[in-house]
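J.: any chance you could fold what I've pasted below:
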Amino acid sequence: FSVAELKPQWELGIGMTPIYSPDYRGSDQSRAYVVPLPYLVYHGDIIRYDRRGLYGRLIDTGRVRLDVSFDAGVPVDSSKNDARQGMPDLDPVFEVGPSLEICVWNKCDAARGVQLRLPVRAVYSTDFSSTDSRGGTFYPHVNLDLKHLGPDRNWNFSVSGGALFASERYHDFYYQVDPAFVTVARPAYDAKRGYSGARIMLTFSRRFRNFWIGGFARYDDLSGAVFEDSPLVRVHHSFMAGIGLAWVLAESEQLVDVPD
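T.: This next block holds a predicted model:
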């Protein structure tokens, strides 16, 4: 079944997100961060921002959706990473591109459903003074949504898994070793395009009256990836997790019909 209800068109708040993450996929060093969490929900006709993130809804037939999807990656200080000592720092990255969603069990807005999601994104790095293209990624995956759970029916969960593929330019950014950065323990390496590993991800969220909590856990397996023999790959398994806590400070008086 699906649920729709009237909700504020926008909500605004602030919070924080403790995150535990490897420096990059394949790094044997991880760090804990606490970062500010701007809480924003916007239900527009085309552009929306909610627990799924920022996306643009271009087509929605009930069984098939075409969105514009976004993602981002953290910067890496190479002086703090043993494998990258003496190499340039990695700028933060952002990704943008279309995502086709095919709802194979129940409609896309159903409280229980399975979707095949096919996001294709262009990747860019930036030092906030200039931007460089870093190729692209493709992440076909299956997602299971379980919404309105618990005694008060306010808990939402999802689990997804699939395979990642990326261009040579993207793999070069993270895993290539140019001759200028060769050491005794770090031979030159030329990355290639292709299979980039597998991923499983769990998410949850719950909205209280003026408070929101959400979290995720992500596991990556790089076994068989085309860059797994790069000297910058120290481990073939990585784990990332985070939890967000936010207080809702304001919301619009205008209400809109929102499928949930």
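
J.: low-scoring stretches of the protein, by residue?
T.: 1-5, 44-59, 257-260 (pLDDT under 70).

J.: quick one, helices of it?
T.: For the chain, the helices defined by DSSP state H cover 168-175.

J.: what's opposite the closest residue in space to Phe165 that isn't next to it in sequence in the beta bridge?
T.: What sits nearest to Phe165 in space, not counting adjacent residues and going by Cβ to Cβ, 6 or more residues apart in numbering, is Phe138, at 4.5 Å. To be clear about C-beta, it is placed using only N, CA and C from the backbone, and glycine gets the same treatment. According to DSSP bridges, the residues that bridge with Phe138 are Val120, Phe165.

J.: tell me if I'm right that Phe138 and Gly162 touch.
T.: No: if you go by Cβ atoms under 8 Å, Phe138 and Gly162 don't touch, sitting 9.9 Å apart.

J.: which of these two has more residues huddled nearby?
T.: Gly162 (19 against 16; other Cβ atoms under 10 Å).

J.: not counting sequence-adjacent ones, nearest residue to that one?
T.: Sequence neighbours aside, His141 is the residue nearest to Gly162 in space, at 2.6 Å (criterion: Cβ to Cβ, 6+ apart).

J.: give me the neighbour count for the one you found.
T.: The number of residues packed near His141 is 18, by other Cβ under 10 Å.

J.: what's near enough to touch it?
T.: Applying Cβ atoms under 8 Å, 6 or more residues apart in numbering, one finds that His141 lies in contact with 116-117, 160-163, 199.

J.: separation between it and Asp190?
T.: 28 Å (Cβ to Cβ, to the nearest Å).

J.: same thing with Phe165?
T.: Phe165 sits 18 Å away from Asp190, going by Cβ to Cβ.

J.: who has more neighbours out of these two?
T.: Phe165 (19 against 13).

J.: the more buried one reaches Ala198, doesn't it?
T.: No: Phe165 is not in contact with Ala198 according to Cβ under 8 Å; the separation is 10.9 Å.

J.: picking up where we left off before, out of the contacts of His141, which are buried?
T.: 117, 160, 162-163, 199 (16 or more other Cβ atoms under 10 Å).

J.: list the buried residues of stretch 198-205.
T.: By neighbour count on 16+ other Cβ under 10 Å, the buried set for stretch 198-205 is 198-199, 201, 203-205.

J.: which non-adjacent residue is nearest Gly194?
T.: Here the residue nearest Gly194, using Cβ to Cβ, 6+ apart, is Val226, at 4.0 Å.

J.: what do you get for Asp229?
T.: Nearest non-adjacent residue to Asp229 (Cβ to Cβ, 6+ apart): Tyr189, at 7.7 Å.

J.: beta-bridge partners for that neighbour, please?
T.: Residues in beta-bridge contact with Tyr189 (DSSP bridges): Val177.

J.: so who does Ile200 touch?
T.: Counting by Cβ under 8 Å, 6+ apart, Ile200 has contacts 159-161, 218-219.

J.: most distant residue from the middle of this structure?
T.: Distance from the centre of the chain peaks at Val184, with 35.3 Å (Cα atoms, centre = their mean).

J.: against Pro231, how distant is that residue?
T.: Counting by Cβ to Cβ - Val184 and Pro231 are separated by 11 Å.

J.: quick revisit: now render the buried residues of stretch 198-205 as JSON lines, adding distance to Tyr175.
T.: Output for those, formatted as JSON lines (distance: Cβ to Cβ, whole Å):
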{"residue": "Ala198", "distance to Tyr175": "17"}
{"residue": "Arg199", "distance to Tyr175": "17"}
{"residue": "Met201", "distance to Tyr175": "22"}
{"residue": "Thr203", "distance to Tyr175": "27"}
{"residue": "Phe204", "distance to Tyr175": "32"}
{"residue": "Ser205", "distance to Tyr175": "33"}
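
J.: that's all I had, so thanks and see you.
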